[in-house]
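A.B. asks: Have a look; sequence and predicted model below, questions after that.
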Amino acid sequence: MHDATQTTTKSEDDHRLPRTVLPRRYELRIEPDLDAATFSGEESVAVEVVDDESLMDAVTALSGSGPAYVYRFAEALIEAGAQSGLAHALAERLAYETIAGAAEMMIRTGENPRTLREAVSSPGGTTLAGLAALDGNGFYASVVAGVAAAKRRSEELGKS
């Protein structure tokens, strides 16, 4: 096991965030899990250590840029809800709860996303109709391409 030291840093919005400094490796910021804190009344943190430095561009592309991808998805869900006749505030809350609930299901059950997606997709139902529209408009391929583009950019930035 590696010895780690705790330090503190200020984020852009001036919150104090704990940091773990791993000797001769990389530094990982451990941020509060806001959803867990909001919904359970407790603060929890999550961190994943990647020992292989050659994977850092991929980690950056997926995990570092990933929150923005989820936020973009939330924006689209909210807009779709509003276009479907929901009040913006209701569409927003439903989108947030949907994303949080789906993430919690993946984490708590340990099931892979495909199994969970199939479990909530009734033959001939609304979910499959929506998924077909997403797939027909390149959703899956767009997400894969987005992560690949972020990885390439991370590699470029690492060379400069």
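C.D. replies: Looks like it arrived, so ask away.

A.B. asks: Quick check: the most far-flung residue of the chain relative to its centre vs Thr98, distance?
C.D. replies: In the chain, the residue that sits farthest from the middle, by C-alpha atoms, centre = their mean, is Gly124; the gap is 29.3 Å. When C-beta to C-beta, to the nearest Å is applied, the distance between Gly124 and Thr98 equals 22 Å. No exception for glycine: its C-beta is placed from N, CA and C like everyone else's.

A.B. asks: Then Glu53?
C.D. replies: 36 Å.

A.B. asks: and if you look at Met105?
C.D. replies: Between Met105 and Thr98 the distance, using C-beta to C-beta, works out to 11 Å.

A.B. asks: List phi and psi for the residue farthest from the centre of the chain.
C.D. replies: Its backbone dihedrals place Gly124 at phi 70, psi 10, with angles given as degrees, to the nearest 10.

A.B. asks: how close does it sit to Glu118?
C.D. replies: To Glu118, Gly124 is 14 Å away according to C-beta to C-beta.

A.B. asks: What of Ala91?
C.D. replies: When Ala91 is compared with Glu118 (using C-beta to C-beta), they lie 26 Å apart.

A.B. asks: What of Leu134?
C.D. replies: Using C-beta to C-beta, one obtains 15 Å as the distance from Leu134 to Glu118.

A.B. asks: Tell me how many other residues surround Ala148.
C.D. replies: Look at Ala148: counted by other C-beta atoms under 10 Å, it has 12 neighbours.

A.B. asks: heads up, I number from 30, so please use that
C.D. replies: I'll keep to 30 as the first residue from here, and by that count the last item is Ala177.

A.B. asks: Quick check: it touching Leu91?
C.D. replies: No - Ala177 is beyond contact range of Leu91, at 10.3 Å (criterion: C-beta atoms under 8 Å).

A.B. asks: Neighbour count: Ala120 and Glu147, which is higher?
C.D. replies: With neighbours defined as other C-beta under 10 Å, Ala120 and Glu147 compare such that Ala120 has more, 19 against 12.

A.B. asks: List the residues that contact the more buried one.
C.D. replies: Leu106, Ile107, Glu108, Ala109, Gly110, Ala111, Ser113 (C-beta atoms under 8 Å, 6 or more residues apart in numbering).

A.B. asks: and with 7 Å instead?
C.D. replies: Taking C-beta atoms under 7 Å, 6 or more residues apart in numbering as the criterion, Ala120 is in contact with Ile107, Gly110, Ala111.
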